[in-house]
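Visitor: sequence and predicted model, in that order:
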Amino acid sequence: MKPMGPIPADFRAEDGRLLIGGRDFGALIDEAGDTPLFVYDMAVVRARIDRLRAALPKGIAIHYAVKANPFPPLVCAMVPLIDGIDVASAGEMALALDAGMPADAISFAGPGKRDRELEAAIRAGVTINLESEGEAERAIAIGGSIDVRPRLAVRVNPDFDLRGSGMRMGGGAKPFGVDADRATALVRRIVEAGADWRGLHIFAGSQALDAGAIIETQAATIALAERIAQEVGSKPPLVNLGGGFGIPYFAGDAPLDVEAVGAALPPGATGYAIELGRWLVGEAGVYLTRIVDRKTSHGETFLVVDGGLHHQLAASGNFGTVVRRNYPIAVAGRMGATDKEEVSVVGCLCTPLDRLGDHVALPHAEVGDVIAIFLAGAYGATASPSAFLGHSPALEMLVGD
């Protein structure tokens with residue numbers, strides 16, 4: 001048997017049945033009308049934001065990277081609790097605006113912005129995180145053509161990356177941002193053109209659980225921002241330090257010590273923002289999928305469910321994971337049962353990649369039982385190939401709001 005990651009402590013059971021937001025999983029499925037179903041507990045998200053506020057020095061803003069989970073009810077519920085939203089498309093920008101986030105608290109990143117997206121952001125008053133000199137020239141020209149002063153920040157590709165991160169976004173040749181040694185010249189060009197320079201965005205990596213590595217990277221990021229400010233001769237209005245805070249998906253993972261990260265930041269610091277997605281919402285979600293078949297092949301037992309990687313790609317090990325490992329998984333109606341058997345939980349797609357639990361120990365389950373896959377609050381429904389093989393998209397719902 002292969003180990004699985006830890007079930008988040010926010011979830012409990014009553015008479016062996018999983019509760020999400022204090023409600024029985026079966027009642028939630030009945031309310032939604034079907035499985036597969038993503039359920040997000042807003043109380044968990046709210047507690048995360050409160051914990052982060054307490055850990056960070058006062059004056060440091062909290063931004064939400066909406067790509068982690070753009071479910072509109074979730075985003076609307078988060079808006080009053082955070083200071084900004086970071087988007088990566090015109091669609092996400094519209095979502096953030098519709099959710100009530102003020103335009104001047106929205107930043108738009110991404111290396112392939114089209115002219116119509118740049119124009120929409122400029123007209124709305126959203127800050128554009130510039131990814132290249134060419135994008136800067138296009139934004140400046142568009143602003144001039146519509147007589148609107150664009151709000152422009154520079155995304156910097158730093159000379160370092162986030163040690164131990166799951167996805168390295170900085171250091172070396174990257175499609176993201178402007179190399180650090182060219183950032184000062186680009187800032188000067190923005191100011192000389194009469195645009196509204198809104199600051200710097202420096203993002204080195206993601207999914208890190210090592211507080212020491214994050215502290216080291218944030219110190220280097222602050223030093224780089226200060227160097228650019230000195231060369232420009234002006235303090236940036238905002239320095240987005242990125243995030244990179246990870247969550248414990250797999251066996252052996254330890255939670256990130258965010259209090260240590262916050263304590264290492266300069267006390268009384270202003271003009272900085274932490275941009276997080278996964279850490280705020282990842283552990284708040286559960287993916288519920290029903291067993292439609294139980295079969296044996298060459299002595300191995302397979303539980304075939306009505307969901308799969310087309311909804312929850314990351315749990316299948318096909319979303320940037322080098323070695324496939326098991327997310328925390330449970331039989332939702334038999335939580336805490338001790339009679340375990342070795343099974344593999346597989347999805348409904350015609351591909352051997354569609355495996356949500358690989359040789360895991362679970363209580364005996366039959367057709368009709370529900371499998372719960374945890375840590376499903378980030379990079380689930382919208383990060384998965386939902387159109388693959390024409391299956392229906394998963395349902396989603398928010399509780400605890």
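Guide: All right, it came through fine.

Visitor: any weak-confidence spans in the stretch 251-400 of the chain?
Guide: Scanning the stretch 251-400 of the chain for pLDDT under 70 picks out the ranges 322.

Visitor: at which residues are the strands of it located?
Guide: Here the stretch 251-400 of the chain has its strands, by DSSP state E, counting those that start in this stretch, at 272-276, 285-297, 300-305, 329-331, 340-346, 355-363, 370-374, 395-399.

Visitor: for those strands, which one sits closest to residue 249?
Guide: Minimum separation from residue 249 across these (Cβ to Cβ) falls at strand 370-374, 9.2 Å. Where C-beta positions appear, they are placed from N, C-alpha and C, glycine not excepted.

Visitor: residues in contact with the closest one?
Guide: By Cβ atoms under 8 Å, 6 or more residues apart in numbering, the residues outside strand 370-374 that reach it are 5, 7-8, 11, 18, 25-26, 29, 35, 283, 285-291, 303, 305, 312, 315, 327-333, 345, 356-357, 365.

Visitor: show the buried residues in those residues.
Guide: Among the contacts of strand 370-374, those scoring as buried are 5, 7-8, 11, 18, 25, 29, 35, 283, 285-291, 303, 305, 312, 315, 327-333, 345, 356-357, 365 (criterion: 16 or more other Cβ atoms under 10 Å).

Visitor: now the strands of the stretch 251-400 of the chain in TSV, with distance to residue 59?
Guide: TSV is the format used below for the strands of the stretch 251-400 of the chain (distance: least, Cβ to Cβ, whole Å):
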stretch	distance to residue 59
strand 272-276	8
strand 285-297	30
strand 300-305	47
strand 329-331	41
strand 340-346	46
strand 355-363	43
strand 370-374	34
strand 395-399	30
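
Visitor: quick check: which of those is buried the most?
Guide: Most buried of these, by mean neighbour count (mean count of other Cβ atoms under 10 Å): strand 370-374, with a mean of 25.

Visitor: parallel or antiparallel, which strands does that strand pair with?
Guide: Sheet pairing of strand 370-374 (DSSP bridges) gives strand 285-297 (antiparallel), strand 329-331 (antiparallel).

Visitor: can you put those strands in JSON lines and add distance to residue 249?
Guide: As requested, the strands paired with strand 370-374 are exported to JSON lines (distance: least, Cβ to Cβ, whole Å):
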{"stretch": "strand 285-297", "distance to residue 249": "13"}
{"stretch": "strand 329-331", "distance to residue 249": "11"}
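
Visitor: for residue 379, find the nearest of these.
Guide: Using Cβ to Cβ, those put strand 285-297 closest to residue 379, at 9.9 Å.

Visitor: distance from the chain centre to the closest one, please.
Guide: Mean-position distance between strand 285-297 and its chain equals 26 Å (Cα atoms, centre = their mean, to the nearest Å).

Visitor: cool, stretch 224-242 as well?
Guide: Centre-to-centre, stretch 224-242 and its host chain are 26 Å apart (Cα atoms, centre = their mean).

Visitor: counting neighbours, which bits of it end up buried?
Guide: Residues of stretch 224-242 classed as buried by neighbour count (16+ other Cβ under 10 Å): 224-225, 228-229, 232, 236, 238-242.

Visitor: hmm, residue 333 and residue 26 touching each other?
Guide: Yes. Using Cβ atoms under 8 Å, residue 26 is in contact with residue 333, at 7.5 Å.

Visitor: and for those two, which residues touch both?
Guide: Counting by Cβ under 8 Å, 6+ apart, the residues touching both residue 26 and residue 333 are 17, 370.

Visitor: which helix is the longest one in this protein?
Guide: Assignment by DSSP state H gives helix 211-232 as the longest helix of the chain.

Visitor: how about residue 183, what does it touch?
Guide: Counted by Cβ under 8 Å, 6+ apart, residue 183 has contacts 154, 156, 200, 228.

Visitor: one more time with 6 Å, if that's ok
Guide: Contact analysis of residue 183 by Cβ atoms under 6 Å, 6 or more residues apart in numbering lists 154, 156, 228.
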